[in-house]
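Visitor: here is a sequence with its predicted model. Questions after.
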Amino acid sequence: MAHDNQPQRMSDTELEQFRELLRRYCAQELDQWEAWRLETPYGPVYVTLSRALPEGTDGSAYRPL
């Protein structure tokens, strides 16, 4: 496994596992919203999970997982 400072693309298997875990998290753990900050070699990434669309946003702007 590569060190966290050496980013590599996820394999198809890893990506599918990520999707399934995220679905499970959203179904079982997410109440209303979460706000996360993840550190990466390219700087922080900000992730917001919500059960509601941001105001003024069309649902078609989101890619289905």
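Guide: Good, I have the coordinates. If you're wondering where the values come from, they're calculated on a predicted model, not measured in any experiment.
Visitor: tabulate the CA atom coordinates of stretch 56-65 in PDB.
Guide: Listed next in PDB are the C-alpha coordinates belonging to stretch 56-65 (Å, rounded to 0.1, in the frame of the first residue of the first chain):
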ATOM      1  CA  GLY A  56     -31.000  27.400  -5.600                       C
ATOM      2  CA  THR A  57     -29.300  24.200  -6.700                       C
ATOM      3  CA  ASP A  58     -30.800  21.800  -9.300                       C
ATOM      4  CA  GLY A  59     -30.500  18.100  -8.500                       C
ATOM      5  CA  SER A  60     -29.200  17.500 -12.000                       C
ATOM      6  CA  ALA A  61     -26.000  19.200 -11.000                       C
ATOM      7  CA  TYR A  62     -25.000  16.100  -9.000                       C
ATOM      8  CA  ARG A  63     -23.500  13.000 -10.400                       C
ATOM      9  CA  PRO A  64     -25.200   9.800  -9.200                       C
ATOM     10  CA  LEU A  65     -23.000   7.300  -7.400                       C
END
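Visitor: centre of the chain to that stretch, how far?
Guide: 14 Å (CA atoms, centre = their mean, to the nearest Å).
Visitor: again with stretch 33-45
Guide: Offset of stretch 33-45 from its chain centre (CA atoms, centre = their mean): 10 Å.
Visitor: need the residues that contact the host helix or strand of residue 25.
Guide: Secondary structure from DSSP states H and E places residue 25 in helix 12-28. Identification of contacts with helix 12-28 by CB atoms under 8 Å, 6 or more residues apart in numbering yields 10, 49, 65. For glycine as for every other residue, the C-beta is placed from the backbone atoms N, C-alpha and C.
Visitor: which ones among those map onto strands?
Guide: Filtering those for membership in strands, criterion DSSP state E, returns residue 49.
Visitor: so which of the contacts of helix 12-28 comes closest to residue 29?
Guide: Residue 29 has its nearest neighbour among the contacts of helix 12-28 in residue 49, at 9.6 Å by CB to CB.
Visitor: next up, the contacts around that closest one.
Guide: 26, 30, 33-36.
Visitor: about what we covered before: for the helix or strand following the helix holding residue 25, buried residues please.
Guide: Sequence-wise, the next helix or strand beyond helix 12-28 is strand 33-40, with elements assigned using DSSP H and E. Residues of strand 33-40 classed as buried by neighbour count (16 or more other CB atoms under 10 Å): none.
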